[in-house]
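Participant: This is the structure alone, sequence omitted:
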């Protein structure tokens, strides 16, 4: 689907209309423009227009929007107004206690060192993606050939550390925590990611908009005042990458709009006859082994990684004599995963279930009142990663498992070293698991 400047008024008109519809549906669930859900709503408006242009059959277009509706119904069923930071006018009357903050501090510093070391090793061995000829491809290629471990460290440690540093700075105003946060931003930008500043802003938002910080309205207003600057810096990094890849600003701008549209590029590839035929052999029985178990077992080297549906779509469309060395396939959002594994009709309850699970996680985090500071920050990080559930479950499982694998063991070590006993309260985790079980049954 080509993009030209004379097409932009039509595109923006339809996208604005779709964005208004999605915003009406989701506005009460969004706590800020830095909420990952807001970014998803924005990109889904573009994706929805893209779907109407590239999906060949009307029944499949209906399926796409039916899955969108089912996802929203999942939100509606799971939503609790009292757990949303924007809904309760009496937040300051609540008492919030997050204990053992010194354990969180030393765990954060340990993980910061790991994060910095990981990036130095990548930079020394592969070079930093931002300075390569093709940053978009390099940020994938640099983590292949045995270097995927470092990508998972950057995902997990980077997100947890940035979220924790925001939390600790807001509580104690230590300048070194702010300096450390800038270091995380610096290294995150070097990996070629166009959304590095947005991710840091999301980490700040998930802390600031928690009800426990409702009495810090002055800080919140300052944060909101600097959001435009964060946006400008983030867009500056994004267009630096795009201009480097496309040659000039006008071409880079069209490439940016195309990327927004292509947030649903899996639709373009899936509905090719060769891919439809290929995925006909997939069934619901394959879903858990491929998308839940394999990302974990593959990381632990208990089995080989399975190729993701997005990569398979790309490989199936390559010419036999193709010499491509890096496969960068699209994500497989809920409407594609549902169609592949559960076929036409069962994709609707699958989409509803994912929406339900995502909101349950959000409810749990925003309802935290008394727990350890570590668990509070950890669940904030879980919330940030859980947004990926509606974009690609396989990726979400990979990120969430990496978070647990690389963050919890250092906390256990720090806890033993500083207190001679383990201080980790899993009662909240058991509580949310029980809640899920009760609601499902």
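Facilitator: In hand now; what should we look at? Everything numeric here is computed off the predicted structure, so don't read it as measured data.
Participant: count of neighbours near residue 53?
Facilitator: 13 (other CB atoms under 10 Å). Yep, even glycine has a C-beta here, placed from its N, CA and C like the rest.
Participant: how near is it to residue 261?
Facilitator: According to CB to CB, to the nearest Å, residue 53 and residue 261 sit 8 Å apart.
Participant: which stretches of this protein aren't confidently modelled?
Facilitator: The model of the chain has pLDDT under 70 over residues 1-2, 82-93, 126-147, 191-196, 322-327, 421-441.
Participant: Where is the longest helix in it?
Facilitator: Counting by DSSP state H, the longest helix found in the chain is helix 334-366.
Participant: buried stuff in it?
Facilitator: 334-342, 347-348, 350-366 (16 or more other CB atoms under 10 Å).
Participant: Kindly report the same for stretch 313-322.
Facilitator: Result for stretch 313-322 [16+ other CB under 10 Å]: buried residues 313, 314.
Participant: So what touches that stretch?
Facilitator: Residues outside stretch 313-322 that contact it (CB atoms under 8 Å, 6 or more residues apart in numbering) are 266, 269-270, 272, 274-275, 278, 307, 324, 327-330.
Participant: ok, 7 Å please
Facilitator: 266, 269, 270, 272, 274, 275, 278, 324, 327, 329, 330 (CB atoms under 7 Å, 6 or more residues apart in numbering).
Participant: Who are the packing partners of the longest helix of the chain?
Facilitator: helix 58-78, helix 373-386, helix 427-440 (3 or more CB pairs under 7 Å, 6 or more residues apart in numbering; DSSP states H and E).
Participant: Hey, what's the angle from it to helix 373-386? Just curious.
Facilitator: Relative orientation of helix 334-366 versus helix 373-386 (axes from the mean of the first three to the mean of the last three CA atoms, to 10 degrees): 160 degrees.
Participant: now helix 334-366: how far from the chain's centre is it?
Facilitator: The chain centroid and the centroid of helix 334-366 are separated by 15 Å, computed with CA atoms, centre = their mean, to the nearest Å.
Participant: Check stretch 374-389 too.
Facilitator: 10 Å.
Participant: What residues of it count as buried?
Facilitator: 374-389.
Participant: Other residues contacting it?
Facilitator: 36-37, 40, 98, 100, 103-104, 107, 159-160, 163-164, 167, 202-203, 206-207, 354, 357-358, 361-362, 364-365, 368, 395-396, 399-400, 403, 407, 411, 425, 428.
Participant: out of these, which are inside helices?
Facilitator: Using DSSP H, those in helices are 36-37, 40, 103-104, 107, 159-160, 163-164, 167, 202-203, 206-207, 354, 357-358, 361-362, 364-365, 395-396, 399-400, 403, 407, 411, 428.
Participant: related to what we said a few turns ago, max pairwise distance over the contacts of stretch 313-322: which two?
Facilitator: Farthest pair in those (CB to CB) is 270 and 324. Separation: 19.4 Å.
Participant: out of these two, which sits in the more crowded spot?
Facilitator: Applying other CB under 10 Å to residue 270 and residue 324 shows that residue 270 carries more neighbours, namely 23 against 10.
Participant: phi, psi of the more buried one?
Facilitator: In terms of degrees, to the nearest 10, the main-chain angles of residue 270 are phi -60, psi -40.
Participant: Contacts only, for it.
Facilitator: 313, 336.
Participant: just residue 181 next, same as before
Facilitator: Contacts for residue 181 (CB under 7 Å, 6+ apart) come out as 162, 165, 166, 169.
Participant: How much space separates it from residue 115?
Facilitator: Applying CB to CB to residue 181 and residue 115 gives a distance of 12 Å.
Participant: and residue 301, that's in a strand?
Facilitator: No - judged by DSSP: H, G, I helix; E, B strand; the rest coil, residue 301 forms no part of a strand; its state is coil.
Participant: three-state assignment of the closest residue to residue 266 other than its chain neighbours?
Facilitator: Excluding its sequence neighbours, the residue lying closest to residue 266 (CB to CB, 6 or more residues apart in numbering) is residue 330, at 4.1 Å. What three-state DSSP gives for residue 330 is coil.
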